[in-house]
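Q: This is a predicted model, with the sequence first.
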Amino acid sequence: MRIIFISKNHLHEETIRNNLKDLSEKDSVKFLYSFDEADRFLNEQIVKHQTPVDLIITEDNIYRQRASAFQHRIKEDRGRTYSNRDFNLNSVPVILIVDENENRRAFSYDGFSDTIDNIGIDRLHKFIPEMISTVKTWRRQVLDELDNLGIRNNSGSIDYTYYFSTDRNRSIETKILSESFRQFPRKLRYEWIEFNEEQIEKAVDEYIKELKRASRLNRKNDEKKFHKLFNKYSFLLKRDNYTKQWYEPRMHYNEDNYWEPDYALQPNFNHRTDLSIVEIKLPNEKFITKSKFHPKPYKKILDHIFQVNDYKEFLESDKFQDTIRRIYGFVPTRIEYNILVGRLDDKMNSLSVFNRRMRQMNALHINFITYDELLDYQVKFMERMKLLNIK
């Protein structure tokens, strides 16, 4: 889930992220520290780039400005849209955290989706049910409006047989769906409407079966089998933490030759990075040799490091900025490098040695993610989908 949090204090960031972890991964919470900054972010990111956002949570009385005035500006903004021009900006859900000395009822006519008491940022998780209810209410209204327009099962087109039937609510007014959407109906490309629990469970089950099979065997082409699985179920890698995915983007360093990372992912909000490179390797690979005499990474691990460093050299070079912009549509300034490889037990058994060797090789910029850790991300994504299920 994509959350904008307007906060009074920079020091509370990590505490808030941890309190919202049942709803959102870390890269899906964007922090802003004034209502002026929030206005600019809505203008320059959400509206300009038509970026999705699920929920705004705001504290009150920030630099002597009130959240009610910010909310009023959103509600009165009747012309602009966000999220692929699918939704009206003034429909975005906003939850207010009321100051300790304030009464929640005083804000009942200000148009907030909900108001919650400030019982301490470290106890923000106590209000997860209210946040879930707000988002589910908004999403149910989207489905109701689709139905009112005669669009069934998110088909992207009007079923005129249904549209003219007596089963349909005859009102075609929409508060959330934009005029652009009404004029040009289309499929809504969001994980909460495209996928259900059964589909996600099926995908995770297939991942587990492939992981068990590949861990028993030692076949080089098993990497491509995981590629096929991740392409079939893109949410196994993207989850709800990434907006866009590129598969094997060709990064030409001369006319005839190119580097080709397996995946590139664009996070919802660039908290730590604005592009994430993921290289897929095998789950049965080991990290550190068993030798007691100067244990070191296996040769395959070293090969992977050099491979990713070639990507790094290309992506961080001024020479290739035009090429990078053609591929991704922008030039990333904070890039995360990941290698999916191995199993968690083996990684943990040799973690201190592995980290020391990585530091000695100046390779700490590379994240080694095991297949078990990716499975944990997938399970948490599935749990979030269940929490927010409206079907």
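A: Yep, that arrived.

Q: Can you pull out the residues in contact with stretch 12-32?
A: Contacts with stretch 12-32, where a contact means C-beta atoms under 8 Å, 6 or more residues apart in numbering, come from 1-7, 10, 38, 41, 121-125, 128, 131-132, 239-242, 267-273, 377, 380, 383-384, 387-388. Yep, even glycine has a C-beta here, placed from its N, CA and C like the rest.

Q: Just give me the residue closest to the centre of the chain.
A: Asn241 (1.6 Å; C-alpha atoms, centre = their mean).

Q: Please name the residues that touch Gln321.
A: Counting by C-beta under 8 Å, 6+ apart, Gln321 touches Val331.

Q: any idea which element it lies in?
A: helix 321-328 (DSSP states H and E).

Q: Sheet partners, orientation included, of the helix or strand just after that helix?
A: As assigned by DSSP H and E, the chain's next helix or strand after helix 321-328 is strand 335-340. Partner strands and pairing direction for strand 335-340 (DSSP bridges) are strand 275-280 (parallel), strand 366-369 (parallel).

Q: What are the boundaries of the strands in the stretch 251-391 of the chain?
A: 251-252, 258-259, 263-267, 275-280, 335-340, 366-369 (DSSP state E, counting those that start in this stretch).

Q: Using the centroid of this structure, identify the residue furthest from it.
A: Among residues of the chain, the one most distant from the C-alpha centroid is Phe293; the distance is 43.3 Å, by C-alpha atoms, centre = their mean.

Q: For it, give its distance to Asp144.
A: Look at Phe293 and Asp144: by C-beta to C-beta, to the nearest Å, they are 69 Å apart.

Q: Now do the buried residues in stretch 324-341.
A: Of all the residues in stretch 324-341, those buried under the rule 16 or more other C-beta atoms under 10 Å are 324, 327-328, 331-332, 335-341.

Q: Closest one to Leu177 out of those, please.
A: Among these, Tyr328 lies closest to Leu177 (C-beta to C-beta), at 29.7 Å.

Q: can you tell me which residues contact that closest one?
A: Tyr328 is in contact with 246, 249, 264, 266, 275, counting by C-beta under 8 Å, 6+ apart.

Q: Also Thr115?
A: Residues in contact with Thr115 (C-beta under 8 Å, 6+ apart) are 95-98, 104, 107-108.

Q: partners of the helix or strand containing it in the sheet?
A: Element membership of Thr115, judged by DSSP H and E, is strand 114-117. Looking at strand 114-117 with DSSP bridges, its partner strands are strand 94-98 (parallel).

Q: Just the CA trace of the strand it pairs with, in CSV.
A: Output in CSV follows, covering the C-alpha atoms of strand 94-98 (Å, rounded to 0.1, in the frame of the first residue of the first chain):
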residue,chain,number,x,y,z
VAL,A,94,-6.9,11.5,4.3
ILE,A,95,-6.7,10.5,8.0
LEU,A,96,-6.0,13.1,10.6
ILE,A,97,-4.0,12.4,13.8
VAL,A,98,-5.6,14.8,16.3
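
Q: got the contact list for it?
A: Contacts for strand 94-98 (C-beta under 8 Å, 6+ apart): 55-60, 67, 71, 74, 104, 107, 110-118, 124, 130-131, 134.

Q: Can you turn the buried part of the residues you listed into a ChimeraX selection?
A: Buried residues within these, by 16+ other C-beta under 10 Å, are selected in ChimeraX with:
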select :55,56,57,58,59,60,67,71,74,107,110,112,113,114,115,116,118,124,131,134
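
Q: just checking, next helix/strand downstream of the lowest-mean-pLDDT helix or strand in the chain?
A: When the helices and strands of the chain are compared on mean pLDDT, DSSP states H and E, helix 160-163 comes out lowest with a mean of 67. As assigned by DSSP H and E, the chain's next helix or strand after helix 160-163 is helix 179-183.

Q: Go through that next one and flag the buried ones.
A: Using 16+ other C-beta under 10 Å as the test for burial, helix 179-183 gives Phe181.

Q: residues making contact with it?
A: Contact with helix 179-183 is made by 81, 85-87, 149, 172, 174, as judged by C-beta under 8 Å, 6+ apart.

Q: And those residues, which is closest to Leu211?
A: Nearest to Leu211, judged by C-beta to C-beta, of the contacts of helix 179-183 is Asp86 at 35.6 Å.

Q: quick one, what contacts that closest one?
A: Counting by C-beta under 8 Å, 6+ apart, Asp86 touches 177-178, 180-181, 186, 188.

Q: Dihedrals phi and psi, it?
A: Backbone geometry at Asp86, expressed as degrees, to the nearest 10, gives phi -80, psi -30.

Q: and if you look at Thr243?
A: Geometry field for Thr243 lists phi and psi as phi -90, psi -40, criterion degrees, to the nearest 10.

Q: and the two most separated of the contacts of Tyr328?
A: Pro249 and Gln266 (11.6 Å).

Q: Please say which of these two ends up with more neighbours.
A: The neighbour count for Pro249 versus Gln266, taken as other C-beta atoms under 10 Å, is higher for Gln266 (19 against 16).

Q: for that one, which residues make a bridge with it?
A: Under the criterion used (DSSP bridges), Gln266 bridges to Lys244.

Q: Low-confidence stretches in the stretch 251-391 of the chain?
A: Applying pLDDT under 70 to the stretch 251-391 of the chain flags the ranges 271.

Q: before we move on, back to that, out of the strands of the stretch 251-391 of the chain, which is closest to Ser317?
A: Taking the strands of the stretch 251-391 of the chain one by one with C-beta to C-beta, strand 251-252 is closest: 10.4 Å.

Q: Provide the contact partners of the closest one at residue level.
A: Strand 251-252 has contacts (C-beta under 8 Å, 6+ apart) with 258-261, 311, 314-315, 320, 323-324, 327.

Q: let's see it at 6 Å
A: 258-259, 314 (C-beta atoms under 6 Å, 6 or more residues apart in numbering).

Q: what's the closest of these to Glu210?
A: When the contacts of strand 251-252 are ranked by distance to Glu210 (C-beta to C-beta), Trp259 comes first, at 26.2 Å.

Q: ok, now which ones touch that closest one?
A: Neighbours of Trp259 in contact, by C-beta under 6 Å, 6+ apart: 251, 310-311, 314.
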